[in-house]
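Student: When you get a sec, could you give me coordinates for this:
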Amino acid sequence: MKKKILVLAVLGAAAGMAQAQSNVQIYGTVDTGYIKESGSDVRMGENATNLIGFRGYEDLGGGLKATFELEKQFNLQDGTTMDTFMGDKLRGQESADWLGAANIGLEGNWGKVRFGRVQEISFEYFSSLDPFEQGTTGSSLALYNMTHSEQLANTARYDSPEWNGLGFSANVSLGQDRRDNSDDNKNIGFGGGIHYDNGPLVLMANYNRLADSNESWVWNIGGGYEFGPARVTVGYQSSKFKDQKNSEVYLANPDDFQKMDQEEWMIGLTYDIGPGQLKLAYNRASIDNWKEGKDGDTDKFALGYTYELSKRTAIYGVVSYTDSDNGLVGSVYNNNGAERSEVYGIQVGMTHNF
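Tutor: Numbers count the residues shown, from 1 in each chain. Below you'll find the predicted structure:
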């Protein structure tokens, strides 16, 4: 009898553990391939961000849930940690153990709120307009904007429920100002976005002011329309990265933190062909108020094809051409950072999602 009770207790405990674990998801992406571009040797690189993540929730009753997310991004080809984003660098943070999402929050019929490290709103929505999803050598030029930050630290973010495809998001990021700190570039950050995604039509508008950036900002607007196997997208982005001369980050590396006004335009086409997608994109960018005599424009053309081997695994190929007014402008918008006015690129690789 005691043995039966013990067996039943063990089975009950195992069932309880299984039920608790059912609310936790492990997911990720592994991707790498070969890249050859003018001005650099053949190297290995990614199309989609390599990461492993954990997300889950606990049902608190009454339609309320406690949620969490943890994501670690990395370079698959050598196992190293990826570089941090501009929002991190402005705080003097050059590395992060959890470079992706790292947050806790609550979710209900009223929407959801998250605290910690969250995705930056203007990046999250605007990048979805790029046929290359801001990856590969074909990425939109918006990827190389000085204000680019995929994640924001020390942030509270709210996402509304959607009403027939219409929703909005807002966030506030704490600055690092202290009374004993003479750095007058410190400021809080905030952002917001509104989007509409219903049927074939997608529309969006977003804004973000980076924390600790001397009030630098970026905004973008765009949309897309699907008809049959095709999807056409257009987008525009404008930013002002203000002078960081009074900050510690500028003193450490002044070339990376000089003022710059940027604009980026994009038009893209994705077309389903067989078990894959043909991708086309044209991008144009402009730099103003930068180094004397070194402002200018960049044009970029990209063509690619992704072949779906299964629902989780795909192979891809991309070719691109970038033409800038001068090498210094090219060094900002070239995928490899080469100080060249013209760059040809080719990339092939493989992606698996789990």
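Student: List the neighbouring strands of the host helix or strand of Asp59 plus their orientation.
Tutor: Here Asp59 sits within strand 51-61, counting by DSSP states H and E. Next to strand 51-61 in the sheet, as set by DSSP bridges, lie strand 24-37 (antiparallel), strand 64-73 (antiparallel).
Student: Kindly export it (C-alpha atoms) in PDB.
Tutor: In PDB, the C-alpha atoms belonging to strand 51-61 read as follows (Å, rounded to 0.1, in the frame of the first residue of the first chain):
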ATOM      1  CA  LEU A  51      19.700  33.700 -30.400                       C
ATOM      2  CA  ILE A  52      18.300  31.300 -27.800                       C
ATOM      3  CA  GLY A  53      15.300  32.500 -25.800                       C
ATOM      4  CA  PHE A  54      13.000  31.500 -23.000                       C
ATOM      5  CA  ARG A  55       9.500  33.000 -22.600                       C
ATOM      6  CA  GLY A  56       6.600  32.000 -20.400                       C
ATOM      7  CA  TYR A  57       3.700  33.000 -18.300                       C
ATOM      8  CA  GLU A  58       1.700  32.200 -15.200                       C
ATOM      9  CA  ASP A  59      -2.000  32.400 -15.100                       C
ATOM     10  CA  LEU A  60      -2.900  34.600 -12.200                       C
ATOM     11  CA  GLY A  61      -6.700  34.300 -12.700                       C
END
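Student: and it, which residues are buried?
Tutor: With burial defined by 16 or more other Cβ atoms under 10 Å, the residues of strand 51-61 counted as buried are Leu51, Ile52, Gly53, Arg55, Gly56. C-beta here means a position set from N, CA and C on the backbone, and glycine is covered the same way.
Student: from memory the first one sits against Leu76, does it?
Tutor: No. Counting by Cβ atoms under 8 Å, Leu51 does not reach Leu76; the two are 9.7 Å apart.
Student: Give me the distance between Gly330 and Leu60.
Tutor: Relative to Leu60, Gly330 is positioned 53 Å away (criterion: Cβ to Cβ, to the nearest Å).
Student: sorry, back to before: looking at the strands paired with strand 51-61, spot the one closest to Thr351.
Tutor: In terms of Cβ to Cβ, the element of the strands paired with strand 51-61 nearest to Thr351 is strand 24-37, at 4.2 Å.
Student: How far does that closest one sit from its chain's centre?
Tutor: In this view, strand 24-37 has its centroid 14 Å away from the chain centroid, taken as Cα atoms, centre = their mean, to the nearest Å.
Student: next one: stretch 281-297
Tutor: Counting by Cα atoms, centre = their mean, stretch 281-297 is centred 22 Å from the centre of its parent chain.
Student: Now it: buried residues?
Tutor: Applying 16+ other Cβ under 10 Å to stretch 281-297 flags Ala281, Asn283, Ala285, Ser286, Ile287, Trp290, Asp295, Gly296, Asp297 as buried.
Student: Can you give me the neighbour number for the closest residue to Val332 other than its chain neighbours?
Tutor: Setting aside the residues directly before and after it, Val332 is nearest to Tyr144 in space (Cβ to Cβ, 6 or more residues apart in numbering), at 5.8 Å. Counted with other Cβ atoms under 10 Å, the neighbours of Tyr144 add up to 19.
Student: per-residue pLDDT, Tyr144?
Tutor: pLDDT recorded at Tyr144 is 96.
Student: For stretch 269-287, list the C-alpha coordinates in CSV.
Tutor: Extracted C-alpha coordinates of stretch 269-287, given in CSV (Å, rounded to 0.1, in the frame of the first residue of the first chain):
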residue,chain,number,x,y,z
LEU,A,269,9.0,43.7,-53.1
THR,A,270,8.6,40.2,-51.9
TYR,A,271,7.1,37.6,-54.3
ASP,A,272,6.3,34.0,-53.5
ILE,A,273,7.8,31.7,-56.1
GLY,A,274,7.5,27.9,-55.5
PRO,A,275,8.6,27.0,-52.0
GLY,A,276,10.4,30.3,-51.5
GLN,A,277,10.4,34.0,-51.9
LEU,A,278,12.1,36.4,-54.4
LYS,A,279,13.1,39.7,-52.7
LEU,A,280,13.9,43.0,-54.3
ALA,A,281,14.7,46.3,-52.6
TYR,A,282,15.9,49.8,-53.5
ASN,A,283,17.2,52.1,-50.7
ARG,A,284,18.4,55.7,-50.6
ALA,A,285,20.0,57.5,-47.7
SER,A,286,21.3,61.0,-47.0
ILE,A,287,23.8,62.4,-44.4
